[in-house]
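Undergrad: My questions are about this predicted structure, shown below with the sequence.
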Amino acid sequence: MNKEILLVTGIPRSGTSLISNILSKNPRAISFSEPRFIKNIKAAAHVADDVTFHLEQSIKNIRENIKVGRSVEFRVHKNPNQNLDNYFTRRQEAGKEVVIKNSSYRRITLPKTRHSDLIVIKNNLLLTACIQSLIKRFQMLVVVRDPVATLSSWNSLDIPVSRGKVKSGFKYCQTLQKMVNSNDLLERQIQIFDWFCYQYRQLEKQVTLVKYEELVKYPNNQLSKYLDYDTKITGLKNMNDSAYYPSGLKNKIIDKIGQLKPENLLHYYPI
């Protein structure tokens with residue numbers, strides 16, 4: 001296992017972007033949140049082992065580019081004075097809530113001496129779908145979050161998982177195809193959540209699992225092995241009761257989970 005590479009994955013909207021941003025504060029780590037080369041890997045890879053191979057090659061290329069002084073591409077906040085711990089910003093315009101994507105890509109030249117730093121790659125669906133292969137080569141950190149808050153977040157945004165879409169993961173994980181099959185949107189979303197939990201539950205002894213609720217409460221404890229000794233994280237806020245989440249949905253989610261009794265979801269969050 002390569003200890004100089006950390007893959008961060010988790011349930012969408014669980015805090016993986018937050019963790020990627022936190023780890024970027026470590027002066028000995030270089031963090032890539034949803035890098036665009038992931039699309040190239042998906043295009044080239046036919047099975048999970050192909051993803052592992054191409055990911056290793058992409059990371060080798062990153063290190064070589066840094067070593068010789070070439071720039072590398074990062075996903076960053078459009079406002080250079082803000083951290084990219086969330087891909088979306090909400091604001092009121094003409095009395096209506098507007099959701100705006102707040103990230104862009106920028107090429108940055110790092111000091112050549114940083115070519116051997118810890119490389120952090122964050123991605124949700126692909127890395128989780130291929131986790132059985134990836135864990136053989138990389139250390140992995142996975143993130144879960146309260147299902148009621150997570151599904152509320154999904155339904156407050158227009159993203160693929162909000163529409164029950166995880167098609168790009170079917171190619172690499174037959175279990176996903178078997179577990180996600182409902183035509184009812186809320187039920188399908190719960191199946192998706194349960195599948196993510198299933199993937200992590202199978203490898204609990206091999207991955208580092210972080211719960212969002214513990215992360216925002218004790219970030220330095222949860223991420224101590226990946227942070228520089230002098231790096232102290234403060235001021236994180238638990239967003240599980242966000243005012244932006246659809247009103248009235250919470251009870252529907254709780255009722256549906258009670259009906260379905262998804263084993264893996266309930267393993268992490270008994271309701």
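TA: Received it, and whenever you're ready, just let me know what you need.

Undergrad: Which secondary structure state does the residue nearest to residue 71 when sequence neighbours are not counted sit in?
TA: Excluding its sequence neighbours, the residue lying closest to residue 71 (CB to CB, 6 or more residues apart in numbering) is residue 107, at 4.0 Å. Quick note: C-beta positions are derived from backbone N, CA and C, even for glycine. Following DSSP: H, G, I helix; E, B strand; the rest coil, the label given to residue 107 is strand.

Undergrad: Report the beta-bridge partner residues of residue 107.
TA: Counting by DSSP bridges, residue 107 is bridged to residue 73.

Undergrad: That one touches residue 72, doesn't it?
TA: Yes - judged on CB atoms under 8 Å, residue 107 makes contact with residue 72 at a distance of 6.8 Å.

Undergrad: Name the single longest strand found in the protein.
TA: Assignment by DSSP state E gives strand 2-10 as the longest strand of the chain.

Undergrad: which strands and helices sit next to the helix or strand encompassing residue 121?
TA: Using DSSP states H and E, residue 121 maps to strand 118-122. Secondary structure elements in contact with strand 118-122, counted by 3 or more CB pairs under 8 Å, 6 or more residues apart in numbering; DSSP states H and E, are strand 2-10, helix 16-23, strand 29-33, helix 48-67.

Undergrad: Note down every partner strand of the shortest one and its orientation.
TA: By that I understand strand 29-33. strand 118-122 (parallel).

Undergrad: buried sites along the next helix-or-strand element following the strand it pairs with?
TA: Next in sequence after strand 118-122, counting helices and strands by DSSP H and E, comes helix 125-129. Residues of helix 125-129 classed as buried: 125-129 (neighbour count, 16 or more other CB atoms under 10 Å).

Undergrad: Could I get the full set of helices for the chain?
TA: Ranges of helices within the chain are 16-23, 37-44, 48-67, 125-129, 131-134, 147-154, 167-170, 174-179, 185-201, 212-217, 219-222, 249-260, 263-268, based on DSSP state H.

Undergrad: Which one, of those, ends up nearest to residue 77?
TA: Nearest to residue 77 among those is helix 16-23 (9.2 Å), distances taken as CB to CB.

Undergrad: what's the angle from that closest one to strand 29-33?
TA: Relative orientation of helix 16-23 versus strand 29-33 (axes from the mean of the first three to the mean of the last three CA atoms, to 10 degrees): 160 degrees.

Undergrad: Same list (the helices of the chain) but as a markdown table, adding distance to residue 114 and mean pLDDT.
TA: Shown next, in a markdown table, are the helices of the chain (distance: least, CB to CB, whole Å; pLDDT from 0 to 100):
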| stretch | distance to residue 114 | mean pLDDT |
| --- | --- | --- |
| helix 16-23 | 14 | 95 |
| helix 37-44 | 18 | 96 |
| helix 48-67 | 6 | 98 |
| helix 125-129 | 23 | 98 |
| helix 131-134 | 24 | 98 |
| helix 147-154 | 34 | 98 |
| helix 167-170 | 31 | 92 |
| helix 174-179 | 36 | 96 |
| helix 185-201 | 31 | 98 |
| helix 212-217 | 26 | 97 |
| helix 219-222 | 23 | 94 |
| helix 249-260 | 44 | 97 |
| helix 263-268 | 36 | 98 |
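
Undergrad: As JSON lines, those helices with distance to residue 8 would be great.
TA: As requested, the helices of the chain are arranged in JSON lines below (distance: least, CB to CB, whole Å):
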{"stretch": "helix 16-23", "distance to residue 8": "6"}
{"stretch": "helix 37-44", "distance to residue 8": "13"}
{"stretch": "helix 48-67", "distance to residue 8": "13"}
{"stretch": "helix 125-129", "distance to residue 8": "8"}
{"stretch": "helix 131-134", "distance to residue 8": "12"}
{"stretch": "helix 147-154", "distance to residue 8": "16"}
{"stretch": "helix 167-170", "distance to residue 8": "17"}
{"stretch": "helix 174-179", "distance to residue 8": "20"}
{"stretch": "helix 185-201", "distance to residue 8": "13"}
{"stretch": "helix 212-217", "distance to residue 8": "12"}
{"stretch": "helix 219-222", "distance to residue 8": "12"}
{"stretch": "helix 249-260", "distance to residue 8": "26"}
{"stretch": "helix 263-268", "distance to residue 8": "17"}
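
Undergrad: Quick one, which of those gets closest to residue 238.
TA: When the helices of the chain are compared by CB to CB, helix 212-217 sits nearest residue 238, at 4.8 Å.
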